[in-house]
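**Q** Here's my sequence, what's the structure:
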Amino acid sequence: MGFLNLDSNFVTMKKILFLLIVPVLMSYATDPKTEAAEAQVKWYSFEEAVKKAEANPKKIFIDVYTDWCGWCKKMDKSTFKNEKVVRILNKDYYAVKLNAESKTPIEVKGKSTTPKAVARGFNVSAYPTTVYLDENQNLIQVVPGYQNADNLDMILNFFGGDFYKNTNWKDFQSNYQK
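**A** Sure, this is the predicted structure:
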């Protein structure tokens, strides 16, 4: 009879062990959807983006924000977490975060300036604002306001795919396939 109790205890221990180990093993399982959702935009400083663009030409995307801007925070939490947005930003652009109120010195085209002065130079007066530069750091467009993931995806494709060079925005917008 003692043997039966030992066996019963062994079965109980196996159940407990199973209940403890399965959640741990499940936490190591990879889900492609989870991995994609965890993908992040690779952000660069302005100087890093310029250096990278000189070595390997890509357009530069600048997210002009302020610390107090609620819509900027919303873009960070939703738009910049979207899989399509992350993919195109990392593939076709060097993405820069530029705090429009920062007075920390940065170098732009060999001159010392501040992010605040750079934002002012792009005539940014609302936050968030996105700025698009070509591969030679020439201004393509300044787009003020919050952008949800679908809108930003379309804008990124418009500039990233060079459609802006020979297609007007309204035509591109009406023919755009998500």
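**Q** Compute the distance between the residue nearest to the spatial centre of the chain and residue 88, please.
**A** With distances taken as C-alpha atoms, centre = their mean, residue 41 lies nearest the centre of the chain, 3.2 Å away. Using C-beta to C-beta, to the nearest Å, residue 41 is found at 10 Å from residue 88. For every residue, glycine as well, the C-beta is placed using N, CA and C.
**Q** How about residue 53?
**A** From residue 53 to residue 88 the distance is 16 Å (C-beta to C-beta).
**Q** again, but for residue 120
**A** The separation that residue 120 has from residue 88, given C-beta to C-beta, amounts to 28 Å.
**Q** which of these two has more neighbours?
**A** residue 88 (20 against 13; other C-beta atoms under 10 Å).
**Q** Excluding chain neighbours, what is closest to the more buried one?
**A** Using C-beta to C-beta, 6 or more residues apart in numbering and skipping residues adjacent in sequence, the residue nearest residue 88 is residue 156, 4.7 Å away.
**Q** What's the local residue count around the one you found?
**A** Neighbours of residue 156 under the rule other C-beta under 10 Å: 24.
**Q** which secondary structure element contains it?
**A** In this structure, residue 156 sits in helix 149-160 according to DSSP states H and E.
**Q** pLDDT value on residue 17, please?
**A** The pLDDT attached to residue 17 in the predicted structure is 42.
**Q** Next: residue 7.
**A** At residue 7, pLDDT is 55.
**Q** Kindly report the same for residue 147.
**A** In this model, residue 147 is scored at 97, pLDDT.
**Q** list the contacts for it?
**A** If you count contacts by C-beta atoms under 8 Å, 6 or more residues apart in numbering, residue 147 has them with 75, 79, 128, 130, 155.
**Q** now, which of those lie within helices?
**A** Using DSSP state H, 75, 155 are the members of the contacts of residue 147 that sit in helices.
**Q** Let me see the backbone angles for residue 134.
**A** Residue 134 adopts backbone torsions of phi -80, psi -170, taken as degrees, to the nearest 10.
**Q** neighbours of it, just the number please.
**A** Neighbourhood size, residue 134 [other C-beta under 10 Å]: 17.
**Q** ok, for residue 155, nearest residue in space, not its chain neighbours?
**A** residue 143 (6.3 Å).
**Q** Residue 103 too?
**A** residue 114 (4.9 Å).
**Q** My guess is that neighbour contacts residue 102. True?
**A** Yes - if you go by C-beta atoms under 8 Å, residue 114 and residue 102 touch, sitting 6.4 Å apart.
**Q** Now do the closest residue to residue 92 other than its chain neighbours, the pLDDT please.
**A** Using C-beta to C-beta, 6+ apart and skipping residues adjacent in sequence, the residue nearest residue 92 is residue 160, 3.9 Å away. Per-residue confidence (pLDDT) for residue 160: 96.
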